[in-house]
Each structure stands twice: as structure tokens, then as C-alpha cells.
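S.K.: Below: sequence and its predicted model.
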Amino acid sequence: DGSTVECDAVIMATGIRPNLEWLKGSKIKVNQGIVVDDHLRSSVPNVYAAGDVAEAKNLISGAREVHAIEPTAMEHGRVVAANMAGKNVAHPGSLLMNIVGVAGLDIASFGSWEDPKAEVITGLEEGRHAYRKYLFQGDRMVGAILVSPNAQTWSGNDLGMLKGLVQSGKGLGAWKDWLKKHPFEIRKPYLASHTVAALLPKTILNAPTPSPRA
């Protein structure tokens, strides 16, 4: 709007940008990254792409994006290796996430945290320097932002549970309205939605979860 803001420093960052120049003139389709299908194959059937260079499926939105984060690279690598070895393994999509520690605070985000169509629930506890933002489509949490002191055990526990709720896609039913009143009480909705039972059987290569005795 033409207004100005005085500050001591301005930091602008775009994150990781893959080196794709060497693919110019090839038959491999390139956008923000190498465009791949659900099996992480490029437009050239015997060429695969994984990790920071691959423009693959977003678990929440279904859109093709580059997720330049270690968990996605690990998952992609396993799927690509399995397919190159003759298996038929599809990747369901990766969960976009960012976790960083700044000035004694843990700042984390999962899923789709800027969806203009999503319903938003927020919470603020100034005494604990804690903030929450949850994004919902219906009764399903599709994104979350968490800010809390990194020295607090409860914040680490909540981080894992929020990631599980977003990743599992489990509907919360009436617990969504409960979260509106208690945005910092994650454990009850997490347990009541049986999110753990939904996540445990899932493995990257669609193999059954091994028994602890195996």
C-alpha cells in the first residue's frame, strides 16, 4: 500500500533451488523441479528423480511441488530404489513441513498452512510464549503452526501429535469444536481419533509393519 517500515535488517530467502540447467535440451520435463509421476518416474520412463530435485505429489493438496527436506528425500529414495529394482511402488505424497529453533522457541509447520479456503483455529498463551494455528477442511486438520519454548517437554510432544493428525487425515468430529475452546489440549483429540492406529500400519514400501519380536 506504499507504506514504509523502518528496520535494522531485511532477510529474504527462497530456500533450495535444484540445479536443472544440465537437463536443457533433454526429453525430461522440468518445471520447478523434474516432474515425476506417482512412482517418481520422469517423462523419460527409465529415468527417476527423488528428493530436492523432484517435483512430486503433495500429500495434502495433491499438487506437484518440490519439497526440499530430508524426510521427503528419504522417502523418495526408497520408492525410487524399489521401482528401479522391479517393484511396483507408488508414493502417496510427501508432507510439507518446517521446524526451526529461533531465540529459544520451537517454530514448526505441517501441511497446508496458507489455504484461503480452510477454517482457521488459533490460540495464544502469552505467559508460556506459545501460539497455535490449525487449518481445517471439514473436521480434518490439514495444516498446523506451532510456536513454543523449546525447553518445554509438552511442546515437543504436541509437535509430534500435530504432525500425526495432519499426516493421517483422520476426521476429528466433535473434537474439532473442542479444540476451538482448548487449542493447547492436543492429546485428547489425538487419542480419541485413533490416529496412532491409522499411522502404525503405514510403511513407505507398502510392506506390513514387522512384529517387535521379528
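M.R.: Done, it's in.

S.K.: Could I get the contacting residues of residue 16?
M.R.: Residue 16 makes contact with 52, 66, 68, according to CB atoms under 8 Å, 6 or more residues apart in numbering. Just so you know, the C-beta spots here come from the backbone N, C-alpha and C atoms, and that holds for glycine as well.

S.K.: State the mean pLDDT of stretch 14-34.
M.R.: For stretch 14-34, mean pLDDT rounds to 90.

S.K.: Compute the first-to-last residue distance for it.
M.R.: Stretch 14-34 stretches 18 Å from its first residue to its last (CA to CA, to the nearest Å).

S.K.: And for stretch 189-202?
M.R.: This stretch, stretch 189-202, spans 20 Å end to end (CA to CA).

S.K.: Just the residues contacting it, thanks.
M.R.: Residues from elsewhere that reach stretch 189-202 (CB under 8 Å, 6+ apart): 161, 164-165, 167-173, 175-176, 178-179, 208-209.

S.K.: which pair in those spans the largest distance?
M.R.: Greatest spatial distance in the contacts of stretch 189-202: 178 and 208, 34.1 Å, computed using CB to CB.

S.K.: And these two? Which one has more around it.
M.R.: A direct count of neighbours by other CB atoms under 10 Å for residue 178 and residue 208 places residue 178 higher, at 15 against 8.

S.K.: remind me which residues of this structure are low pLDDT?
M.R.: The chain contains residues with pLDDT under 70 at 153-156, 206-214.

S.K.: the helices in it, which residues?
M.R.: Secondary structure of the chain by DSSP state H: the helices cover 70-84, 153-168, 175-181, 187-192, 195-199.

S.K.: buried set for the fourth one?
M.R.: By that I understand helix 187-192. Across helix 187-192, burial judged by 16 or more other CB atoms under 10 Å covers 189-190.

S.K.: and residue 20, how many residues sit next to it?
M.R.: Around residue 20 there are 15 other residues, counting by other CB under 10 Å.

S.K.: Bridged to the spatially closest residue to it that is not a sequence neighbour, which residues?
M.R.: Leaving aside its sequence neighbours, residue 20 sits nearest to residue 30 (CB to CB, 6 or more residues apart in numbering; 5.2 Å). Beta-bridge pairing for residue 30 (DSSP bridges): residue 34.

S.K.: who wins for neighbours among the contacts of residue 16?
M.R.: Neighbour max across these (other CB under 10 Å) = residue 66, 21 neighbours.

S.K.: For it, which non-adjacent residue is spatially closest?
M.R.: Nearest residue to residue 66 in three dimensions, chain neighbours excluded: residue 33, at 4.1 Å (CB to CB, 6+ apart).
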